[in-house]
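S.K.: Got a predicted model here, sequence first, then my questions.
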Amino acid sequence: MSGKTIIISSTGLDLKDYRQAAIETCLKLELFPLAMEHFEVMGLGATEGSKLKLDRADGYVGIFAHRYGYIEQGHDKSVTEIEFEYAGERGLERLCFLVDPKYPWSPEAWDYKNYERLQQFKSHLSETVLRGLFTTLDDFKAKLMPTLVEWKERHGYGRAMSTPGEVDVKTAAAAPPHPALVIGREGDVSKLKARFRIVGNLPKEPVTVIRGWPGVGKTTLVNALAYDPEVGSAFPDGVLWTAVGEAPNPLGELTAWARALGARETLEAHNLEEVIGRVRALLRDKKMFLIVDDVWASEAAAPFKVAGPNCATLFTTRFGDVARELATTPADIYVLGQLSPGDGLALLSRLAPTFVEQHAHESQLLLDDLECLPLAIRVAGRLLEAEASMGWPVNDLLREISDGKKLLEGVAPDDRLDPRTGTIPTVSILLRQSTNRLDEETRKRFAYLGPFAPKPATFDLNAMQAIWRADDARPTARKLADRGLLEPIIGTGRFQMHAVLVMHARSLLQTGVSSHG
């Protein structure tokens, strides 16, 4: 069971980062976080509005530091204290975290005017419920995650035991979502199963790193593997999954892995080394499949190399240098390519059946323009079907998609939800995640390739040197390849840029190449 609502209660600006961390943690656990950031206009006062939300909540998380909070006119207590009391009246389990009184806190974030009221509230809180102390943001994250995992288990919201033939996904954050649409990856699934000796008789490879273009479908592929029945049979103790991303928290994620593996006692470990040792010991005799998705830096993923001898670990990354650093040998890297034209058409037909039926020739031309990148097909298919199903002409929209404008502005599929903001980014924002990490000169050189890109977009070193007016193009080409923005064509001396990245490069020139927005 999932989708349970958790109220996040605290004062506002002084605990903004901690509130955001709580929102992100809830989303990872497939809980719906409800915080003041999400309150819509209801025509009610703050107190009554909070009570209305609590009436719909299944759980309560309170975060408290050194501010008492807003006291609404007509009330003698702060909204924060009233929320705590009303949650108790409703019978909700209240999970409370207080800042350690010894931890340094900015003087500007203290509420000296209501100091006595705050102390009385904290004293009442401590007498009423069990509470934990926190210090840094990372410390708070590491303590909140296992607390919510245990809360789900106590209240029967955890994943039920698997039925025969079903994969038991034990998870630190949340089970990876079931991929809604997996088309054209049957060959990749078979090859990866062979690496894990699930099929065939090749030697089992303990580590595999999947690398590929942004938007090529790495996450969809590993999510499909997580729920594959043959994977479940080969790894009967289950699957452990995490997504590392740009803001890794290995201490919190591995602590939750330990919980999922049966470490029911309170983990008092305050350092990563101790938690790594605990998880490694728990996995020593297990047969488990470990998935570490969306790795941005090898040092963030290295702590997850905890597998026992009968386990297998799968990493995904868009970055060539990260893949090489995580792989034991080059053979450990599996490059995931774009879909074949036939599979691209099958995917587009599922997403935009009206458009494909009415515009067969244009469908083929569009797939050529998008070079069968799954992310681009999914976004374009949604836009085109909306127009075609209304009986409206699609020629202008097709042109804008092929030119890049509509595609880059398009909202990504919902499995790209950003848990930090609770929003789904545009394709442009997703691609900027890669280019924003480049130094300014390299980012400019990437952008300058856009207007000169032939079709298909391939360049040799001489062409790049001419475009960049550089004596030696190799250092920049290597950086761009490491960042997943260029792909060397082995044996030719040329480099390929995907058509969607060409669109992105051109947009950087149009909007100001030095911008990180």
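M.R.: That came in fine, so what should we check first?
S.K.: L449 is in contact with A505, correct?
M.R.: Yes - in this structure, A505 is within contact of L449 by CB atoms under 8 Å, at 5.5 Å. From N, CA and C alone the C-beta is placed, and that goes for glycine too.
S.K.: what is in contact with these two at once?
M.R.: Common contacts of A505 and L449 (CB atoms under 8 Å, 6 or more residues apart in numbering): M497.
S.K.: Which of the three states applies to L181?
M.R.: Classification of L181 by DSSP: H, G, I helix; E, B strand; the rest coil places it in coil.
S.K.: mind listing what it touches?
M.R.: Neighbouring residues of L181 by CB under 8 Å, 6+ apart: T220, L347, R350, L351, R378.
S.K.: Who wins on neighbours among the residues you listed?
M.R.: Sorting those by how many neighbours each has (other CB atoms under 10 Å) puts R378 first, at 25 neighbours.
S.K.: and that one, how far is that from G212?
M.R.: 15 Å (CB to CB, to the nearest Å).
S.K.: ok, now G320?
M.R.: 10 Å.
S.K.: Overlap of the contact sets of these two?
M.R.: G484.
S.K.: And the next helix or strand past the longest helix anywhere in the chain?
M.R.: Longest helix of the chain, by residue count under DSSP state H: helix 137-154. Later in the chain than helix 137-154, the nearest helix or strand by DSSP states H and E is helix 186-195.
S.K.: which strands and helices sit next to that next one?
M.R.: On a contact count with 3 or more CB pairs under 8 Å, 6 or more residues apart in numbering; DSSP states H and E, helix 186-195 meets strand 207-211, helix 218-226, strand 333-335.
S.K.: mind listing what's buried in that helix?
M.R.: Residues D188, V189, L192, K193, R195 are the ones in helix 186-195 that count as buried (16 or more other CB atoms under 10 Å).
S.K.: now the angle between helix 218-226 and that helix, please.
M.R.: Relative orientation of helix 186-195 versus helix 218-226 (axes from the mean of the first three to the mean of the last three CA atoms, to 10 degrees): 60 degrees.
S.K.: Helix 186-195 vs strand 207-211, what angle?
M.R.: Counting by the same axes, to 10 degrees, helix 186-195 lies at 160 degrees to strand 207-211.
S.K.: who are the neighbours in contact with G262?
M.R.: So G262 contacts L282 (CB under 8 Å, 6+ apart).
S.K.: how would you label it: helix, strand or coil?
M.R.: What three-state DSSP gives for G262 is coil.
S.K.: This protein: strands as residue ranges?
M.R.: Counting by DSSP state E, the chain has strands at residues 5-9, 32-34, 59-64, 94-99, 131-134, 207-211, 239-245, 289-295, 312-317, 333-335, 458-460, 487-489, 494-496.
S.K.: For the residue lying closest to A35 once chain neighbours are set aside, list the residues it contacts.
M.R.: Nearest non-adjacent residue to A35, counting by CB to CB, 6 or more residues apart in numbering: I8, 4.1 Å away. I8 is in contact with R19, A22, I23, C26, P33, L34, A35, V61, I63, counting by CB under 8 Å, 6+ apart.
S.K.: bridging residues for I8?
M.R.: On the basis of DSSP bridges, I8 is bridged to V61.
S.K.: Against L54, how distant is it?
M.R.: Applying CB to CB to I8 and L54 gives a distance of 11 Å.
S.K.: Can you give me the neighbour number for Q358?
M.R.: 13.
S.K.: All the helices of the stretch 1-150 of the chain, residue numbers only.
M.R.: Ranges of helices in the stretch 1-150 of the chain, per DSSP state H, counting those that start in this stretch, are 16-28, 46-55, 79-89, 115-128, 137-154.
S.K.: need these in TSV with mean pLDDT, distance to D414 and mean neighbour count, can you?
M.R.: Formatted as TSV, those follow (pLDDT from 0 to 100; distance: least, CB to CB, whole Å; neighbours: other CB atoms under 10 Å):
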stretch	mean pLDDT	distance to D414	mean neighbour count
helix 16-28	88	12	21
helix 46-55	82	24	17
helix 79-89	92	30	20
helix 115-128	90	38	14
helix 137-154	84	22	19
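S.K.: Tell me which of the ones you listed sits nearest to L480.
M.R.: Counting by CB to CB, L480 lies closest to helix 16-28 out of these; the figure is 30.5 Å.
S.K.: which residues does A21 contact?
M.R.: Counted by CB under 8 Å, 6+ apart, A21 has contacts L137, F140, K141, L144.
S.K.: Revised request: answer the last question for L373.
M.R.: Neighbouring residues of L373 by CB under 8 Å, 6+ apart: W213, G215, V216, Q338, L339, H498, A499, V500.
S.K.: can you give me how far stretch 231-245 is from the chain middle?
M.R.: Counting by CA atoms, centre = their mean, to the nearest Å, stretch 231-245 is centred 17 Å from the centre of its parent chain.
S.K.: Could you dump the contacts of L181 into CSV and include distance to A87 and pLDDT?
M.R.: CSV is the format used below for these (distance: CB to CB, whole Å; pLDDT from 0 to 100):
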residue, distance to A87, pLDDT
T220, 39, 91
L347, 46, 94
R350, 44, 92
L351, 43, 91
R378, 40, 93
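S.K.: Let's see which of the residues you listed end up in helices.
M.R.: Among the contacts of L181, the members falling in helices (DSSP H) are T220, L347, R350, L351, R378.
S.K.: sorry, back to before: from the contacts of L181, which single one is nearest S389?
M.R.: S389 lies nearest to L351 out of those, by CB to CB, at 11.7 Å.
S.K.: With L348 as the reference, measure out to the closest residue to that closest one other than its chain neighbours.
M.R.: Distances taken as CB to CB, 6+ apart place G381 nearest to L351, at 3.0 Å, with adjacent residues excluded. With distances taken as CB to CB, G381 is found 5 Å from L348.
S.K.: neighbour-wise, which of these two wins?
M.R.: Between G381 and L348, L348 has the larger neighbour count (other CB under 10 Å), namely 26 against 22.
S.K.: Can you name the residues that contact the more buried one?
M.R.: Neighbour list for L348: F355, V356, S363, L366, L367, I377, A380, G381 [criterion: CB under 8 Å, 6+ apart].
S.K.: Now render the residues you listed as TSV, adding distance to I424 and pLDDT.
M.R.: Below are those laid out as TSV (distance: CB to CB, whole Å; pLDDT from 0 to 100):
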residue	distance to I424	pLDDT
F355	22	94
V356	25	94
S363	25	95
L366	23	95
L367	24	95
I377	17	95
A380	16	94
G381	16	93
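S.K.: Can you flag which of the residues you listed belong to helices?
M.R.: Short answer: the contacts of L348 in helices (DSSP H) are F355, V356, S363, L366, L367, I377, A380, G381.
S.K.: pretty sure the last one is touching L345, no?
M.R.: No - G381 sits out of contact with L345 when judged by CB under 8 Å, with a separation of 10.9 Å.
S.K.: one step back: which of the strands of the chain comes out lowest on mean pLDDT?
M.R.: Between these, the lowest average pLDDT goes to strand 32-34, which shows a mean of 84.
S.K.: All set, thanks.
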